[in-house]
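Colleague: predicted structure and sequence below. I'll ask about it afterward.
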Amino acid sequence: NFVFFFNIYYAFTNEIKFTSWEIERYEQNVNYHTNIHTTPYHNNNKTLEWSLPSPPAHHTFEEPTFGSYYNQQDAPGWGQMSFQNMASVEGESIVLFHNYVMISVTAILVFVGWWLARIILTYRKIPYNKHFSENDNLEFYWTVIPMLILISIAVPSLKLLYILDECIIPLLTYKIQGHQWYWHYEIGDVKKDKEIISFDSYMVQNEDLKEGQLRLLEVDEKLVFPAETNIRLSVTGADVIHSWTIPSFGVKLDAVPGHLNQTGLYVKRLGLYFGQCSEICGTEHAFMPIKVKVTNITTFLDWYKNNI
């Protein structure tokens, strides 16, 4: 009973909690986004540094050493049965909801198993029990209680789905296009004159791997995200259906030809993140890895300048 009523309370009162540091960073992003539309930003003489908020001074990035992917669980490991460590707000929300549902499922499993065992043992001694077989109150409870449990799961589930569908004031837009069998990326919204970065990302072959690189997960051109920035991902397909997936971000978007799927992303932690195509798309489906490097904004702007 305690678990059941706790689920009901959680479903109607739960809110996503942010630390004071996260709220401060979000307000800085919102304020800066407002300023770039109220100040003469569209002057062509403005420089690239005006396009994004300045990075926090304490943030640095170093290329991870061999084995650190597994320590951070930002890449899949042998025999792994749990989630990878989440690096985004969206991913953390998904894991919290999963844990909440698992509490309900475990409680239901224990209760139903205990009741079933009791019935089996009781009916071996007493073939007929009128207080159990013809009990109107019992039939009412075993109809209403499961319905309320489903509602307690459906309410936070729908709430999470709507939250994940929102793109809150994106400062950058990444267009991702799936091909057989590689990814094509375009990065825009940084400069007024619509200069964008456009490149293809192919898997590194086994014979070209360097020491410490991960087989079937390394690419020749990795994607770069700025940390603590609202990002919009727009995904589509060029030929067949693909699926752009990064487990540590909690992102899995189908790339459907002729259709544009999009989602918002806010990455909190610097590092290297790996994923793969999660939709069977042909003979080379297993060889479409994804590699994303999350840096501070200064490093991202330097990378952007060097690739224009």
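Modeller: Arrived safely, thanks for sending.

Colleague: contact partners for the most centrally placed residue in the chain?
Modeller: The residue lying closest to the centre of the chain (Cα atoms, centre = their mean) is residue 250, at 1.8 Å. By Cβ atoms under 8 Å, 6 or more residues apart in numbering, residue 250 lies in contact with 86, 88, 90-95. The way it works is simple: take the backbone N, C-alpha and C, and place the C-beta from them, glycine included.

Colleague: just name the closest of the residues you listed to residue 276, please.
Modeller: Nearest to residue 276 out of these is residue 91 (Cβ to Cβ; 16.5 Å).

Colleague: which stretches of the stretch 1-150 of the chain aren't confidently modelled?
Modeller: Counting by pLDDT under 70, the ranges of the stretch 1-150 of the chain that qualify are 1-73, 125-132.

Colleague: all helices for this protein, in order.
Modeller: Taking DSSP state H as the criterion, the chain contains helices spanning 2-13, 20-38, 68-72, 89-125, 130-133, 136-164, 297-307.

Colleague: before we move on, the earlier item: got TSV for the contacts of residue 250, with neighbour count and distance to residue 204 too?
Modeller: Below are the contacts of residue 250 laid out as TSV (neighbours: other Cβ atoms under 10 Å; distance: Cβ to Cβ, whole Å):
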residue	neighbour count	distance to residue 204
86	22	26
88	23	25
90	19	28
91	23	26
92	15	31
93	18	33
94	17	30
95	15	30
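
Colleague: show me what counts as buried in stretch 171-187.
Modeller: Within stretch 171-187, the residues scored as buried using 16 or more other Cβ atoms under 10 Å are 171-179, 181-183, 185, 187.

Colleague: ugh, typo on my part, it should be stretch 233-241
Modeller: 233-237, 240.

Colleague: could those residues go into a markdown table alongside pLDDT and distance to residue 80?
Modeller: Listed next are the buried residues of stretch 233-241 as a markdown table, based on pLDDT from 0 to 100; distance: Cβ to Cβ, whole Å:
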| residue | pLDDT | distance to residue 80 |
| --- | --- | --- |
| 233 | 91 | 25 |
| 234 | 92 | 30 |
| 235 | 93 | 25 |
| 236 | 93 | 30 |
| 237 | 92 | 28 |
| 240 | 91 | 29 |
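
Colleague: of those residues, closest to residue 269?
Modeller: Using Cβ to Cβ, residue 233 comes nearest to residue 269 of these, at 17.5 Å.

Colleague: for beta bridges, what are the partners of that closest one?
Modeller: Here residue 233 sits in beta bridges with residue 174, residue 263, going by DSSP bridges.

Colleague: just the terminal-to-terminal distance for stretch 211-228.
Modeller: Distance across stretch 211-228, first residue to last, is 31 Å (Cα to Cα, to the nearest Å).

Colleague: got it, and stretch 277-294?
Modeller: Start to finish, the residues bounding stretch 277-294 are 20 Å apart (Cα to Cα).

Colleague: re earlier: farthest pair within the buried residues of stretch 171-187?
Modeller: Pairwise distances across the buried residues of stretch 171-187 (Cβ to Cβ) peak at 31.1 Å, for the pair 171 and 181.

Colleague: which of the contacts of residue 250 lies closest to residue 196?
Modeller: Nearest to residue 196 among those is residue 88, at 23.5 Å by Cβ to Cβ.

Colleague: who are the contact partners of the residue lying closest to residue 239 once chain neighbours are set aside?
Modeller: Leaving aside its chain neighbours, residue 239 sits nearest to residue 180 (5.2 Å; criterion: Cβ to Cβ, 6 or more residues apart in numbering). Taking Cβ under 8 Å, 6+ apart as the criterion, residue 180 is in contact with 239-240, 281-282, 284.

Colleague: pick the one among those residues closest to residue 120.
Modeller: Nearest to residue 120 among the contacts of residue 180, with distances taken as Cβ to Cβ, is residue 281, at 48.7 Å.

Colleague: so the closest one sits against residue 182, correct?
Modeller: No. Contact criterion Cβ atoms under 8 Å: residue 281 and residue 182 do not qualify, at 11.0 Å.
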